[in-house]
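> Quick check, what structure comes out for this input:
(2 chains)
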Amino acid sequence: MPVCSTTKRLMHLLCWLALPMTAQAMQFNVNQAQIYQIGSSYTVNANINYQLTPRVEEAIENGVPIIFFQTIQLLDRTPLLWDWWQWDKVIWETEIRYELRYHDLSKQYMLHSLDVENHRNFTTLASALNAMGNISNLTLPPAFTNTTDSTILRLRSGIDLTALPSPMRPGAMISNKWDLTSDWFEALWPSD
Amino acid sequence: MALRLIRRLSTGTAPYFSLAIMLLLLAYLLSAATQDKSRLNDLFLIIFGIGLTCLLILAGLLTRGLWRLYRDFRRKSAGSRLTLRLVSLFVLLIVGSTSIVYGFSVHFLQRGINSWFDVEVEQALNDSLELSRSAFGIRMRTLLRQTRMMAGVLSELPDSSLGHNLRELNRLSGALELSIWNMDGRIVVSSIDNPAIIVPNRPDEAIVRQIKQGEDYIGLDPIEDEEFQLRAAVKIPRQSPLAEERLLHVLFPVNEQLSTLGKNVQDAYTDYKELSYLRQPLVTIFTLTLSLIVFLTVLASIWFAVWISRRIVEPLQELAEGTQAVASGNYNMQLTASGHDEIGFLVRSFNQMTQRLTQARNASQRSHRLLEQQTSYLTTVLGSLSSGVITIDKDLYLRTANVASSKILGINLQQRLESSLDNLARLNDNLQSFAMLIKNYTLKPVAWEQQLELSQIKGRQTLMCHGTPLPGKTGWVVVFDDITTLIQAQRNAAWGEVARRLAHEIKNPLTPIQLSAERLQHKYVSLVPADQAETLTKLTDTIVHQVEAMKDMVNEFSDYARSPGLQLEWLSVGNLLREVLTLYQSNPQHQFALLNSQEDLQIRVDRNRFRQVLHNLLKNAIEASEEAGLAVDIVISYHALRYQHQRWLEITVQDQGPGFPTEMIDTLFEPYTTTKIRGTGLGLAIVKKIIEEHGGDVWAENLGDNGAGIIIRLPLEDQQT
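Take a look at the predicted model:
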């Protein structure tokens, strides 16, 4: 995984160098993320907008399973130079992974949550993406949320390119049509 | 250390072999990375990137190598033409063969991958999918109808009995799950066949939306374990318009056989579709990998070709340089022999050749030195000869001349080597005579011998010349001796003999004549008449005087002829001269001047004889001046000088007299040569004899308008020796 992310970064760099004028293509977007306090623990509700490029849709239609990931992190942020330069330390991280594939016989989109072995079928791609984009009542570990003063919760989502079939992988890694990973979205803590 | 390692690795064969191994490794990694199940799969891009970097480095190296080659070619440096030709040949071979292999490989690759896919297979798979759908469709339609009926039944029931009836319907219909939902997605009531499941399966939003729009839903639902179930959703008819809109959601099982078949069809279809979709990326990846490997191989091969060409040409280049060096005279050239092939053999042969050339040159130098030594030896021998030796080539050009020849002829012949005899003849009359003699005799190739008379400043010079033709008619060697002294000695000896005999023959009768004349006078002067007595006395006196004169003359002859042993002793020249001069200073009209030498010169001579020399010379000078009526003014000088590697004492006696008649100057020192009215003509002859007895030389010189000088030269010895 680290190697792949290094490669990806390298490829990004290459892309940036090669195509400096290319505008950033469409990507996933975290619409909102909210933290609720229930008792002494906190839960997160979030909504991610998955907007797929035609290239990705084409792959799904052709039976290629696509793995999506949602990364949620808790950071301990230490400001070193006020707001300009801060030291972030990841204190907790979780990743939710989904596999989305098209089932030809039933003409349904199968969304498979890889972590909890949950399986759902959707008649349309939009409803499948919609269902995937809804994170509700994700409980944060209480051990890391005792003090929320310097703790930051952030999340992002994207496609795991390393899980693509190997012939597609190199192309996907250097193509911006596959690079749909959202920016980090920092959620706000509920005010007491 | 690291630098040395890098340098060592970057020179010689190491970089090429390491490059070859790296390329092989890279090719293996690339091919492994393109395998579907390989662990290197994730590293494909990195390996590809490394490959690309290698390609760039190689291209850079190759460009550098080719640029150097081109530069060498432009400069026309040795071997560049052959290297370029070899490289071109290699490149042509490499590019040609690799292009063919590459072209066919790409072609086969595309054809091979495309051959996996077939229109008929695709159609069959589509058809089987459709067939499966149809098979499910029949069952679905039946179940939809059944569900609608159940919805109709349920619509008429009050909410309170819904749960019970639902369970009953569940049991009767054989459904897996029955549930009633309102349109907001809230569950009303459910019945689940499997007691392990508590929460009923929620219909999808899209299904709810479809129901809202008044369309019932029936669909195949894949579940875990790759099995199927059928999902039906129908709207429950409302009994009153105010009643809540509800839907019935039913999940039916699919029989196992149909499920398995459907799964197989789905799997095959999906696999085929995915494979077909991945065809293009696969071809691209394979082609890219192949291209990279091919390009790497081609570039590495060309690089290697450049290297190997240089390596092949290097010994030839060295050979060329070596040959040039040999041509320019450097025979010490030794090349580094490498390999046991023909080029190595050539290099070794070259080295042998230069060795032999060096040996030959050394031998030639040795013989040259020997020749020079011999020449120098011969020159020394010739130089130390008292005879003059010259050689003349067949064109009558002077080739060699020894020191004695120059000395004898009075002209430096060694500075005039390579001059023709005609040119030499123009220098003076003597040389003209000499050259004429040689020219006359060189007409015939036979040895000759001829005496030649020359006139030098010191007098007549007689040369005895011998000419011998050189072998091969290449010229002549002429040997000549100055025999003037020899002839003079012979002449002197003859004169001595004459004088001795004369003295002997004449002296004997003189005394009786004198005595007889005196007696005649004494006896008869009283007997003759007085007038005749005077005559008698006069006559007898004359006889007596003449006899006296004849006695003197005979004594002089005797002195000349006599040659007793010399009584040699060391004397100071200055003292001796002053001593002699005091005897002449009684006459006030005679002027003498003695110019002393700067050093006190000691000479080993016979005192009496040397005095006689000086007396003779002074007397000669005084008489010459007096007879000419000129003032007697005599200057005597003496000094030491170096002549012909020897120290000499030179004494000059100069007068202000009339000088010697030119015609007499050659025979001045011979007996009976005199300009005086009275005189035996033996004075200078005796001088010459005594001087020669002392190993010296004497000659006369006229001093311009008036005056003459006699020069005596005596050898100076070191007193101690």
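> any idea how far chain B is from the most centrally placed residue in chain A?
Nearest residue to the geometric centre of chain A (CA atoms, centre = their mean): A:Ser157, 1.0 Å. In this view, A:Ser157 and chain B are 20 Å apart by CB to the nearest CB, to the nearest Å. Placement of C-beta: from N, CA and C, glycine included.
> which SS state does the nearest residue to that residue once chain neighbours are set aside fall under?
Computed as CB to CB, 6 or more residues apart in numbering or on different chains, the closest residue to A:Ser157 that is not its neighbour in sequence is A:Gln70, at 4.5 Å. Put simply, A:Gln70 is strand when judged by DSSP: H, G, I helix; E, B strand; the rest coil.
> Quick check, A:Gln70 in contact with A:Ile96.
Yes: assessed by CB atoms under 8 Å, A:Gln70 is found in contact with A:Ile96 at 4.4 Å.
> joint contacts of the two?
Residues touching both A:Gln70 and A:Ile96 by CB atoms under 8 Å, 6 or more residues apart in numbering or on different chains: A:Ile135.
> For the helix or strand the residue nearest to the centre of chain A falls within, list the C-alpha coordinates in CSV.
Per DSSP states H and E: A:Ser157 is located in strand A:151-159. What follows is strand A:151-159, C-alpha atoms only, in CSV (Å, rounded to 0.1, in the frame of the first residue of the first chain):
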residue,chain,number,x,y,z
THR,A,151,-8.3,16.8,17.6
ILE,A,152,-9.5,17.0,14.1
LEU,A,153,-11.7,14.6,12.3
ARG,A,154,-11.3,14.4,8.6
LEU,A,155,-12.5,12.1,5.9
ARG,A,156,-12.1,11.5,2.2
SER,A,157,-13.1,8.9,-0.3
GLY,A,158,-11.7,7.5,-3.6
ILE,A,159,-11.2,4.6,-5.8
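> Check which element follows it along the chain.
Next element after strand A:151-159 (DSSP H and E): helix A:169-173.
> how about the nearest residue to A:Ile60, chain neighbours excluded?
Of all residues not flanking A:Ile60 in the chain, A:Tyr102 sits nearest, at 5.4 Å (CB to CB, 6+ apart).
> since we're on the one you found, how many residues are nearby?
When counting by other CB atoms under 10 Å in any protein chain shown, one arrives at 22 neighbours for A:Tyr102.
> Could you do B:Arg609 as well?
For B:Arg609, the tally of surrounding residues (other CB under 10 Å) stands at 20.
> which residues touch it?
For B:Arg609, the contact set (CB under 8 Å, 6+ apart) comprises B:566, B:690, B:693.
> Show me which residues of the strand or helix carrying B:Leu86 are buried.
Taking DSSP H and E as the definition, B:Leu86 sits inside helix B:80-114. By 16 or more other CB atoms under 10 Å in any protein chain shown, the buried positions in helix B:80-114 come out as B:80, B:83-84, B:86-87, B:90-91, B:94, B:98, B:102, B:105-106, B:109, B:113.
> how about those in CSV, adding pLDDT and distance to B:Val234?
Formatted as CSV, the buried residues of helix B:80-114 follow (pLDDT from 0 to 100; distance: CB to CB, whole Å):
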residue, pLDDT, distance to B:Val234
B:Ser80, 83, 91
B:Thr83, 85, 88
B:Leu84, 87, 87
B:Leu86, 88, 86
B:Val87, 89, 83
B:Phe90, 90, 80
B:Val91, 90, 78
B:Ile94, 91, 74
B:Thr98, 91, 69
B:Tyr102, 91, 64
B:Ser105, 90, 60
B:Val106, 89, 58
B:Leu109, 86, 54
B:Ile113, 82, 48
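> between those, which is nearest chain A?
B:Ile113 (10.1 Å; CB to the nearest CB).
> Now do the closest residue to that closest one other than its chain neighbours: how many residues are near it, please.
Once flanking residues are discounted, B:Ile113 sits nearest to B:Val283: 5.4 Å by CB to CB, 6+ apart. Using other CB under 10 Å, the number of residues around B:Val283 comes to 17.
> Just the element for B:Val283, please.
Using DSSP H and E, B:Val283 sits within helix B:256-327.
> what packs against the helix or strand just after that helix?
Using DSSP H and E, the next helix or strand after helix B:256-327 towards the C-terminus is helix B:342-384. Other elements packing on helix B:342-384 under the criterion 3 or more CB pairs under 8 Å, 6 or more residues apart in numbering or on different chains; DSSP states H and E are helix B:256-327, helix B:403-409.
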